[in-house]
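> fold the following, please.
(one chain, ligands or ions: 1)
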Amino acid sequence: MEQYTCKAYAKINLSLDVIGRLENGYHLVDMVMQTVDIYDVLTFEKTMGEISIQSDCGDIPLDQDNLIYKAIIKMRERFGFVGGVKVSVEKNIPIAAGMAGGSSDAAATLRAINELFELGASVKELQEIGVKIGADVPYCVEGGTMRAEGIGEKLTALKSCPGLCILVAKPDINVATKEVYQRLDDLSGYSHPDVEGMVQAIANQDGKGLAARLGNVLEEVTIPMHPVIQTIKDEMRRMGAVNCLMSGSGPTVFGIFEEEKQAREAKEKIAEKNLSKQIFVTCPCDI
Ligand code: ATP
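The predicted model follows:
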């Protein structure tokens, strides 16, 4: 095989709790992750040269700082394959948005290099390599509906999420995940979402119960920094969302709607009011 093309899917957090902090600064989380049907398209080509990355998006690094590059290096260190790789990235996932765009690209790269060079690595092996790149990478290797604990690497597959219509809106600001977690450490306390209840709602395929239990501790940090997040949430509710939440460290907001028509109307309203830079009507999916 000389060339391989694959999709790297975005995620949202249906629930995100932070339950502790390790001495090395990593945070212990308890999260329910869900893949949504928004994806980058990555094409990998074997070359005689070195690693090169090109993209239709000017906002991501194309050098060693790109997580795709890091993933290729990690695979080369582990499996010692010979030759270079040229990667083309069609970027659709909002950047620095709390949707794991970089982590998902890294995870897709691990899978792609495994296929392209016929390395025979198992999913578990790819996840072990992935966690060295970022805490969300092991989840992104498998995707779907999962509970992620530890620093994000302890994964439990859940039943597929019940069919939902989801509106995803990313305001025109970027959020640095590291800063959000640092500021969380400075808070004297925060209320914890009902992660266990979310897991039960998914097990019971209870869409209403799921919507009622959306929760993310990081909202307490990011919303005061960027009030537009609350404005988008209010607008989604006003337009009929059953519930809505910030994803990851933000600033992306997603809303759950009972009907696609309502979601499309909310999309138009939010775009009209210039509240978001990127906005999608989407749904949960597996990868
Ligand atoms: P997470 O939800 O995992 O915290 P995020 O959505 O907040 O991720 P990313 O889109 O992954 O954030 O981008 C964070 C930073 O990573 C960006 O500022 C970007 O410069 C860098 N980066 C490196 N590689 C990539 C990539 N392949 N795609 C997007 N960003 C990348």
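> which other residues reach the helix or strand hosting residue 200?
For residue 200, the host element (DSSP states H and E) is helix 195-203. Defining contact as C-beta atoms under 8 Å, 6 or more residues apart in numbering, one finds that helix 195-203 is touched by 14-15, 17, 30-32, 145, 147, 158-159, 161-162, 206, 209-210, 212-215. The way it works is simple: take the backbone N, C-alpha and C, and place the C-beta from them, glycine included.
> what is the distance between it and the centre of its chain?
Centre-to-centre, helix 195-203 and its host chain are 20 Å apart (C-alpha atoms, centre = their mean, to the nearest Å).
> and the helix or strand that it is followed by, what's its mean pLDDT?
Sequence-wise, the next helix or strand beyond helix 195-203 is helix 207-212, with elements assigned using DSSP H and E. The average pLDDT within helix 207-212 is 97.
> so what secondary structure elements neighbour helix 207-212?
If you count contacts as 3 or more C-beta pairs under 8 Å, 6 or more residues apart in numbering; DSSP states H and E, helix 207-212 packs onto helix 195-203, strand 253-257.
> show me what counts as buried in the helix holding residue 200.
For helix 195-203, a neighbour-count test (16 or more other C-beta atoms under 10 Å) marks 195, 197-199, 201-202 as buried.
> repeat that for stretch 24-44.
Result for stretch 24-44 [16+ other C-beta under 10 Å]: buried residues 27, 29-40, 42, 44.
> any residue of it up close to the ligand?
No. Interface with the ligand: stretch 24-44 contributes nothing (C-beta under 6 Å from any ligand atom), its closest point being 7.3 Å away.
> and the residue of the stretch 1-150 of the chain closest to the ligand?
Residue of the stretch 1-150 of the chain nearest the ligand, by C-beta to the nearest ligand atom: residue 102 (2.7 Å).
> residue contacts, that residue?
Neighbours of residue 102 in contact, by C-beta under 8 Å, 6+ apart: 60, 66-67, 95, 134.
> filter those residues to the buried ones?
Listed as buried from these are 60, 66-67, 134; burial here means 16+ other C-beta under 10 Å.
> now, which of those residues lie within helices?
With helices taken from DSSP state H, the overlap with these comprises residue 67.
> report pLDDT for residue 1.
Residue 1 carries a pLDDT score of 82 in this model.
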